[in-house]
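Participant: Fold the following, please.
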Amino acid sequence: MIPSTSRTAGRALAVAALADLVCVLVFVSIGRSSHEEGITLTGLLTTGWPFWLGVAGGYVGVVAFRLAPASLPGAAMVLIKTLVIGMILRNVVQHDGTPFSFVMVATVFLALTLAGWRTTARFAVRRQLRTTSPSRPRTLPQQTRAGSTTSSSKPTDPADPHAASRPERLRS
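Facilitator: Numbers count the residues shown, from 1 in each chain. Model prediction:
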């Protein structure tokens with residue numbers, strides 16, 4: 001049986017990869033639309049496959065370097081691999097060329113979308129954690145000088161684990 005943390009990590013990886021693939025799909029769709037090439041399944045696949053392989057290469061890097069898939073370092077890995085692999089395949093296999101302006105537009109769009117959904121998700125999770133935290137402050141046992149532990153009535157902040165050890169006047 002797969003441990004719960006492995007399932008959670010696998011799910012996080014799959015969700016992040018799907019979100020990144022959707023970012024590339026949006027990029028490809030906008031590009032095809034702006035060049036009046038039409039948005040057909042064949043057209044999307046023809047234009048998108050080099051970049052989707054780049055996303056896959058990015059996730060090889062994410063796993064190899066043990067990066068959190070929904071982190072900004074994970075986004076950077078996926079972005080670099082998507083651009084490098086996508087541009088090389090587009091140029092070498094499809095013979096479509098990679099003008100500087102196209103590389104710049106792709107870089108800016110993909111950087112904004114790949115980092116953007118991660119940042120939005122991070123803020124949403126933090127907000128949810130703030131709204132679902134218990135209304136009663138938690139207390140932690142404190143060690144006395146003699147080495148025994150006592151329960152503290154000082155509230156603790158999960159974001160600041162050292163708050164309980166600071167004098168009352170320094171806590172905010």
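Participant: Please make it C-alpha for all contacts and neighbour counts, starting now.
Facilitator: OK.
Participant: ok, the residue minimising distance to the centre of the chain to residue 35 distance?
Facilitator: With distances taken as CA atoms, centre = their mean, the residue of the chain nearest its centroid is residue 70 (2.2 Å). With distances taken as CA to CA, to the nearest Å, residue 70 is found 32 Å from residue 35.
Participant: same thing with residue 16?
Facilitator: Separation of residue 16 from residue 35 (CA to CA) stands at 29 Å.
Participant: Give me the more crowded residue out of these two.
Facilitator: Comparing residue 16 with residue 35 by other CA atoms under 10 Å, the one with more neighbours is residue 16, at 22 against 9.
Participant: did I read that right, that one in a helix?
Facilitator: Yes - the assignment for residue 16, made by DSSP: H, G, I helix; E, B strand; the rest coil, places it in a helix.
Participant: Am I right that it is in contact with residue 69?
Facilitator: Yes - counting by CA atoms under 8 Å, residue 16 does reach residue 69; the two are 6.0 Å apart.
Participant: mind listing what residue 75 touches?
Facilitator: Each residue near residue 75 by CA atoms under 8 Å, 6 or more residues apart in numbering is listed here: 69, 111, 114-115, 118.
Participant: would you list every one of the strands in the chain?
Facilitator: Assignment of strands within the chain using DSSP state E yields the ranges 141-143, 149-151.
Participant: Lowest average confidence across those, which one?
Facilitator: With a mean of 50, strand 149-151 has the lowest mean pLDDT of the strands of the chain.
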